[in-house]
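**Student:** Below is the structure, and that's it, no one-letter string:
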């Protein structure tokens, strides 16, 4: 197993949790549009946390997290986690070979020409 394979393990775990919480009650009719809008919403929440200077403040779920998990997240940590979880869940729903796709894309990024700054 290489380090990219952990993406499959994580995406399958995130999908199991989402399924268990009722996100995908009718698996025969997967709604990619809905999931992409949720992903966009998470990105917007991260942007908003930055805009109001709350990236490093405790997230709005921190009291619950501390009570039940004995740890909490900042707004930035929570929103980044939401983005990763949603993106990996979408990959699992689409049955994308994420370890291969990320490895190939990262290898491409290593050899591509540098971005020109304007």
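**Tutor:** Perfect, I can see it now. Keep in mind that what you see is a predicted model, and the values were worked out from it rather than measured.
**Student:** contacting residues for residue 57?
**Tutor:** By Cβ atoms under 8 Å, 6 or more residues apart in numbering, residue 57 lies in contact with 74, 75. C-beta here means a position set from N, CA and C on the backbone, and glycine is covered the same way.
**Student:** Mind pulling the model confidence for it?
**Tutor:** Predicted confidence (pLDDT) for residue 57: 97.
**Student:** Make 32 the starting number, not 1.
**Tutor:** Understood, numbering begins at 32; the last thing we discussed is residue 88.
**Student:** Which helix or strand contains the residue most central in space within the chain?
**Tutor:** For the chain, residue 115 is the residue whose C-alpha lies nearest the centre (Cα atoms, centre = their mean; 1.5 Å). Taking DSSP states H and E as the definition, one finds residue 115 inside helix 106-124.
**Student:** Show the secondary-structure elements that that helix is packed against.
**Tutor:** helix 37-51, helix 63-82 (3 or more Cβ pairs under 8 Å, 6 or more residues apart in numbering; DSSP states H and E).
**Student:** and the angle from it to helix 37-51?
**Tutor:** For helix 106-124 against helix 37-51, the angle by axes from the mean of the first three to the mean of the last three Cα atoms, to 10 degrees is 90 degrees.
**Student:** And helix 106-124, what's buried?
**Tutor:** Buried residues in helix 106-124, counting neighbours by 16 or more other Cβ atoms under 10 Å, are found at 106-107, 109-111, 113-114, 116-124.
**Student:** between the residues you listed, which is nearest residue 62?
**Tutor:** The shortest approach to residue 62 among these belongs to residue 124, at 9.5 Å (Cβ to Cβ).
**Student:** Would you mind confirming that that closest one makes contact with residue 55?
**Tutor:** Yes. Contact status for residue 124 versus residue 55: in contact at 7.3 Å, counting by Cβ atoms under 8 Å.
**Student:** on that earlier part again, looking at the buried residues of helix 106-124, which is nearest residue 95?
**Tutor:** Using Cβ to Cβ, the buried residues of helix 106-124 come closest to residue 95 at residue 109, 11.6 Å.
**Student:** Would you agree the closest one is in contact with residue 90?
**Tutor:** Yes. Under the criterion of Cβ under 8 Å, residue 109 makes contact with residue 90 at 4.0 Å.
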